[in-house]
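Colleague: Dropping the sequence and predicted coords here.
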Amino acid sequence: MAYTAENNSSSLMAKAVKEGIFAGVIAFGMFLLFVGIETYQDINNQLTWRTRWGLLAVFVAVAAIGRFLTVGFIKPHLDKRKLAKAKSGVLDISTDKSFFHRNFLKIALLFLLCYPFLAMLIFGRQGSLKYVDNFGIQILIYVMLAWGLNIVVGLAGLLDLGYVAFYAVGAYSYALLSANFGFSFWLLLPMAGILAGFWGIILGFPVLRLRGDYLAIVTLAFGEIIRLVLINWTDVTRGTFGISGIAKASFFGIWSFDVGAANNFNKAWGLPSSSVYYKIFLFYVILALCLITAYVTIRLRRMPIGRAWEALREDEIACRSLGINTVTTKLTAFATGAMFGGFAGSFFAARQGFVSPESFVFLESAVILAIVVLGGMGSLTGIAIAAVVMVGGTELLREMEFLKHVFGPDFTPELYRMLLFGLAMIIVMLFKPRGFVGTREPTAFLKERKAVSGSFTKEGHG
Amino acid sequence: MTTGTTTMTKDAILKVDHLSMKFGGLMAINDFSFEAKRGEITALIGPNGAGKTTVFNCITGFYKPTMGMITLKRKDGQDYLLERLRDFEINKVAGVARTFQNIRLFSGLTVLENLLVAQHNVLMKASGYTILGLLGLPAYKTAAAEAIEKARHWLEMADLIDRADDPAGDLSYGAQRRLEIARAMCTGPELLCLDEPAAGLNPKESLTLNTLLRAIRDEGTSLLLIEHDMSVVMEISDHVVVLEYGQKISDGTPDHVKNDPKVIAAYLGVEDDEVEAIEEKLDEGTV
């Protein structure tokens, strides 16, 4: 017995070493050209190259040692724990949840309401700017966009790869109407939403006859068309220069945030002049917009139209046999999603003070879609968590100064943003193939509300 | 074609006139006519590939027939030409509901939600096309409560009341078949078309299915069904139509059809191993 155990562990070590070396070799092969060699322009503007053996060695070592530790120690440990759990007969699924789990939404909302003041307390007035703006507002914009897209992709099951087009329509609606007609933010916010929704219907009519892959490709193309129109219609949109000097949002018309204005918010309240108060105001505006999106989505899911969307995702033919007009049902989903994209777009324009076609590239659509898929299609909580992880994570990378000590002084972590983004997606999809929250809350019940496991829900096919 | 509606007998609910359906060079249905009477269970039988499901798809709007006329007479005396309606209108306007040969449930929705989706058009109207419902007006709330009561009624009829809050995909095969029928009934149809409702059911399950179908007929809905299981066909149907190679070969009461030499030839004039299977089925039907 002892002999076999020893034999096992020594063969395990041999296996771990072997796999570690193998992983190192693969990493060497993969990173040799990407990391080991760097091209740069020298003083004479000539493109030359230099080697980065040190950085390459770090990459290879991380892969090799990581694989060695995984095979040699982590996996046997996990297996042992699983075996012990199976023996003791404790099931993984337990019905009683912790206090945090039960009250997660309330705690999260409370935290969000206090967040700007907490940031001010901890980091000071100027220091908190970064946390309110780059983290708070940025993440909430993506939460809102992802919740809007969730109606189209998560509920109705229509794969839309051009969602950023509606975001662009909203942003340019605000920028152009505010610059040319001087309308205020609070008038243009609903107008931008309605215009984007209208645009959604116009696009939807020809597009929604298609299904699956074809729908995805055509929506992708429409997203690009909008961007190209913005670039080339220079008389109106000023092309790649974009539109700058967009009016700020006012405090419901009572106080202005313009520095020179007579009814300046800071002066009226006797606050020191700082842009942080405007950012805090914007934070609450986007928070309110997000909450409206969530509220409307939750209410719509319990309406016949919301149920029809989900039914459409599950089986379109059965829907038609039950007398549901699938064309109008799809159109309403498309238009509602587009409307929230438009709201977010006009907010984005007001916050940025500048819009250009650069902000509405395909990558944005892909990021929003990735957030919806990672969060778990249809789940608002899951999507919010995914947005925090994805957008907050990439923002956080800018702060990772210590990585420079590991990878050398010329390592810029934010350049590896997309690499880590992809890595995170692969990891989530491996361990949580249905996203962070894979279960579905039923919209009606007779006796008790039981969450529907993700293995029963479908992704939709167009 | 103009004579279609005038020659329709008084108690007929569905009249199929000279129906033909061509797929490329293949004549799937060739000049097929029959009538289904109100308050009866009409069965459409025939060997595999006879064109039964094609007839069904023409009636329920999934195919547009090449030729012919399909007339549905509603209780209020209104006639509808089904081949001219759009696919979803056949249920919404003409009141024809159907089930599918390969079950098509909303598997990620709960059993109750499946039945609520079926009441979409009623609820849509009650919710003022969503707008009034979003404002939380009481009219929608009472309509929603009524919809749940209707769903509860059909859950009890289909013996699924204990599974109401489970996902539809979690049900056993027989229960899924019953749920699909219950879901179709929640649309409030006058004619229910069932495509092989007993396929894959064990004898006990087919008995409960027979009871359910009779109960549906007694509540005033006419039925049209395609079936292979002769124990179901012979026991519950009031009228049987036999189809072979897209043409009608027999039409009448179950007893008449059973003894029709043309039908026997159609069923026996197939490969040896299938003959035994059919004979077995016929035996079961007579026991």
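Modeller: That came in fine, so what should we check first?

Colleague: need the contact list for residue A:196.
Modeller: The neighbours of residue A:196, taking Cβ atoms under 8 Å, 6 or more residues apart in numbering or on different chains as the test, are A:166-167, A:169-170, A:173, A:338-339, A:341-343, A:345. No exception for glycine: its C-beta is placed from N, CA and C like everyone else's.

Colleague: rerun at 6 Å
Modeller: Counting by Cβ atoms under 6 Å, 6 or more residues apart in numbering or on different chains, residue A:196 makes contact with A:166, A:169-170, A:338-339, A:341-342.

Colleague: of all these, which comes closest to residue A:66?
Modeller: residue A:341 (40.1 Å; Cβ to Cβ).

Colleague: leaving aside the residues next to it on the chain, what's closest to that closest one?
Modeller: In this structure, residue A:341 finds its nearest non-sequential neighbour in residue A:166, 3.4 Å apart by Cβ to Cβ, 6 or more residues apart in numbering or on different chains.

Colleague: Report all helices and strands that the strand or helix carrying the one you found contacts.
Modeller: Under the criterion of DSSP states H and E, residue A:166 resides in helix A:164-181. For helix A:164-181, the elements it packs on are helix A:185-207, helix A:212-232, helix A:326-352, judged by 3 or more Cβ pairs under 6 Å, 6 or more residues apart in numbering or on different chains; DSSP states H and E.

Colleague: follow-up on the earlier one: near the residue nearest to residue A:341, how many other residues are there?
Modeller: 38 (other Cβ atoms under 10 Å in any protein chain shown).

Colleague: Run through the helices of the stretch 51-200 of chain A in chain order.
Modeller: Using DSSP state H, counting those that start in this stretch, the helices of the stretch 51-200 of chain A run over A:53-69, A:75-88, A:99-102, A:104-130, A:138-150, A:164-181, A:185-207.

Colleague: want to try a markdown table for the helices and strands packed on helix A:164-181, with mean pLDDT as columns?
Modeller: A markdown table is the format used below for those (pLDDT from 0 to 100):
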| stretch | mean pLDDT |
| --- | --- |
| helix A:185-207 | 88 |
| helix A:212-232 | 88 |
| helix A:326-352 | 91 |
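
Colleague: okay, these, which one's buried deepest?
Modeller: Of these, the one with the most neighbours on average (mean count of other Cβ atoms under 10 Å in any protein chain shown) is helix A:326-352, at a mean of 25.

Colleague: Alongside chain A, which residues does chain B contribute?
Modeller: B:87-88, B:91-92, B:98, B:104, B:106-108, B:110, B:112-113, B:116-118, B:120-121, B:123-124, B:127, B:130, B:133-134, B:164-165, B:167, B:169, B:187 (Cβ under 6 Å from any Cβ of the partner chain).

Colleague: gap between residue B:19 and residue A:361?
Modeller: Going from residue B:19 to residue A:361 by Cβ to Cβ, to the nearest Å gives 54 Å.

Colleague: Oops, could you answer that again for residue B:29 instead?
Modeller: 53 Å.

Colleague: In terms of neighbours, single out the busier of those two.
Modeller: For residue B:29 versus residue A:361, neighbours defined as other Cβ under 10 Å are more numerous around residue B:29 (27 against 14).

Colleague: shouldn't that one be in contact with residue B:50?
Modeller: No - Residue B:29 sits out of contact with residue B:50 when judged by Cβ atoms under 6 Å, with a separation of 9.2 Å.

Colleague: can you point me to the longest helix in the chain?
Modeller: Since you didn't name a chain, this refers to chain A. helix A:2-31 (DSSP state H).

Colleague: Hmm, no, I was thinking of chain B.
Modeller: helix B:138-157.

Colleague: quick one on the thing from earlier: for the longest helix of chain A, what is the distance to the chain centroid?
Modeller: The chain centroid and the centroid of helix A:2-31 are separated by 38 Å, computed with Cα atoms, centre = their mean, to the nearest Å.

Colleague: So for that helix, mean pLDDT?
Modeller: Computed over helix A:2-31, the mean pLDDT rounds to 81.

Colleague: Chain B: helices as residue ranges?
Modeller: B:52-59, B:87-92, B:111-117, B:120-126, B:131-134, B:138-157, B:173-185, B:203-218, B:230-236, B:254-258, B:261-268, B:272-286.

Colleague: Which residue comes closest to the residue nearest the centre of chain B once chain neighbours are left out?
Modeller: With distances taken as Cα atoms, centre = their mean, the residue of chain B nearest its centroid is residue B:193 (1.2 Å). Here the nearest residue to residue B:193 in space, its sequence neighbours aside, is residue B:98; by Cβ to Cβ, 6+ apart that works out to 4.2 Å.

Colleague: Give me the neighbour count for that neighbour.
Modeller: Count around residue B:98 with other Cβ under 10 Å applied: 26.

Colleague: Which pLDDT value does the model give the closest residue to residue B:71 other than its chain neighbours?
Modeller: Nearest non-adjacent residue to residue B:71, counting by Cβ to Cβ, 6+ apart: residue B:15, 4.6 Å away. Listed pLDDT for residue B:15 reads 86.

Colleague: so what's residue B:15 bridging to?
Modeller: Residue B:15 has these beta-bridge partners by DSSP bridges: residue B:35, residue B:71.

Colleague: backbone phi and psi for the closest residue to residue A:134 other than its chain neighbours, please?
Modeller: Of all residues not flanking residue A:134 in the chain, residue A:395 sits nearest, at 5.4 Å (Cβ to Cβ, 6+ apart). Main-chain torsions, residue A:395, degrees, to the nearest 10: phi -70, psi -40.

Colleague: my guess is residue A:395 meets residue A:131, correct?
Modeller: No - the pair residue A:395 and residue A:131 does not pass the contact test of Cβ under 6 Å, sitting 9.8 Å apart.

Colleague: And the residue of the stretch 101-250 of chain A closest to chain B?
Modeller: residue A:157 (10.2 Å; Cβ to the nearest Cβ).

Colleague: ok, now the stretch 251-400 of chain A?
Modeller: residue A:323 (3.3 Å).

Colleague: ok but that residue is inside a strand, no?
Modeller: No - in this structure, residue A:323 is coil, not part of a strand, as judged by DSSP: H, G, I helix; E, B strand; the rest coil.

Colleague: residues in contact with it?
Modeller: B:88, B:91-92, B:121, B:187.

Colleague: Now with 8 Å, please.
Modeller: Contacts of residue A:323 by Cβ under 8 Å, 6+ apart are B:88-92, B:120-121, B:187.

Colleague: Show the buried residues in those residues.
Modeller: The neighbour count (16 or more other Cβ atoms under 10 Å in any protein chain shown) marks B:88-92, B:120-121, B:187 as buried among the contacts of residue A:323.

Colleague: What's the local residue count around the residue in the stretch 101-250 of chain B that chain A sits nearest to?
Modeller: Nearest residue of the stretch 101-250 of chain B to chain A: residue B:108, at 3.0 Å (Cβ to the nearest Cβ). Look at residue B:108: counted by other Cβ under 10 Å, it has 25 neighbours.

Colleague: Tell me how far it lies from residue A:78.
Modeller: Taken as Cβ to Cβ, the span from residue B:108 to residue A:78 is 31 Å.

Colleague: what do you get for residue A:335?
Modeller: Relative to residue A:78, and taking Cβ to Cβ, residue A:335 is found at 48 Å.

Colleague: Who are the contact partners of the residue lying closest to residue A:61 once chain neighbours are set aside?
Modeller: Once flanking residues are discounted, residue A:61 sits nearest to residue A:24: 7.5 Å by Cβ to Cβ, 6+ apart. Residue A:24 sits next to A:60-61, A:63-64, A:67 when contact means Cβ under 8 Å, 6+ apart.
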